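Trainee: Provided below for reference: sequence and predicted model.
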Amino acid sequence: MRGALAALLAVAGLAGCARAPAGPTRPAPTPEGEVAARRAFDALLALDGEWIATESGKDFPARFEVVSARSAVLQRSGFLAAYYLDFDGVMVTCFPDDGFQMRFRARGLAPDGKTLDFRLLDATNLRSGVAHGTRFTIELRSADELVQRWWWTDGTTETAIEILFRRLR
């Protein structure tokens, strides 16, 4: 009896797995895309250190920190962001002080070799009508300077924000 019950449960379990809904599909990553994403992520790894961020004429401390065996870069600069590779792209999850989270994805460096263009994928805990980011870019001007440009919307109006980062020595 025990053997028959175990066999029945095993078959039922396998049948349940076979009927599990498939996750979202997307094109398979290409080797070229993975190389481009790796180049972009390596540029983010090089940001490790202490920075000063300037927004609207006001300075505040910022830090980029390489963590988890070089698989992620944390940005702390008035909000927390975690950058990481996703096959042929670079993902970032942003945690602003507003209590919601946004996920963005970039395909790699732009043809200029110094700009990453992140587009909003989704957000959690975001209430209707609350201003949130829809896109941002990182322009790597030099080893010691970068600019983040953010586009925010409340559903009716879009606002652009520019933040200059300078590395501290």
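Mentor: Received the coordinates, thanks.
Trainee: Average pLDDT for stretch 81-89, rounded please.
Mentor: Averaged across stretch 81-89, the pLDDT comes to 96.
Trainee: One more: stretch 35-47?
Mentor: Per-residue scores along stretch 35-47 average to 96.
Trainee: which parts of that stretch are buried?
Mentor: Within stretch 35-47, the residues that count as buried by 16 or more other CB atoms under 10 Å are 36-37, 40-41, 43-44, 47. Backbone N, C-alpha and C define where each C-beta goes, glycine included.
Trainee: quick one: which of the residues you listed is nearest residue 162?
Mentor: Using CB to CB, the shortest approach to residue 162 within the buried residues of stretch 35-47 belongs to residue 47, at 17.5 Å.
Trainee: Looks to me like that closest one is in a helix.
Mentor: No: assessed by DSSP: H, G, I helix; E, B strand; the rest coil, residue 47 does not belong to a helix; its assignment is coil.
Trainee: What residues are bridge-paired with residue 118?
Mentor: For residue 118, the residues forming beta bridges with it (DSSP bridges) are residue 136.
Trainee: Now, the buried residues of stretch 35-47 that are in strands?
Mentor: Using DSSP state E, no member of those sits in strands.
Trainee: Can I get these in CSV including distance to residue 154?
Mentor: Output for the buried residues of stretch 35-47, formatted as CSV (distance: CB to CB, whole Å):
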residue, distance to residue 154
36, 33
37, 32
40, 30
41, 32
43, 32
44, 29
47, 30
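Trainee: In terms of distance to residue 26, which of those ranks first?
Mentor: residue 37 (13.9 Å).
Trainee: Quick check: that closest one touching residue 89?
Mentor: Yes: contact status for residue 37 versus residue 89: in contact at 5.3 Å, counting by CB atoms under 8 Å.
Trainee: which residues do those two both contact?
Mentor: Residues touching both residue 37 and residue 89 by CB atoms under 8 Å, 6 or more residues apart in numbering: 107-108.
Trainee: mind listing what residue 40 touches?
Mentor: The neighbours of residue 40, taking CB under 8 Å, 6+ apart as the test, are 90, 106, 108-109, 116.
Trainee: Looking at those residues, which one is closest to residue 71?
Mentor: Minimum distance to residue 71 across the contacts of residue 40 is 11.9 Å, recorded for residue 90 (CB to CB).
Trainee: from memory residue 164 sits against residue 56, does it?
Mentor: No: at 10.5 Å, residue 164 does not count as touching residue 56 under the criterion of CB under 8 Å.
Trainee: Out of the contacts of residue 40, show me where the pLDDT dips lowest.
Mentor: On pLDDT alone, residue 108 ranks lowest of the contacts of residue 40, at 89.
Trainee: Need phi/psi at it.
Mentor: Main-chain torsions, residue 108, degrees, to the nearest 10: phi 140, psi -170.
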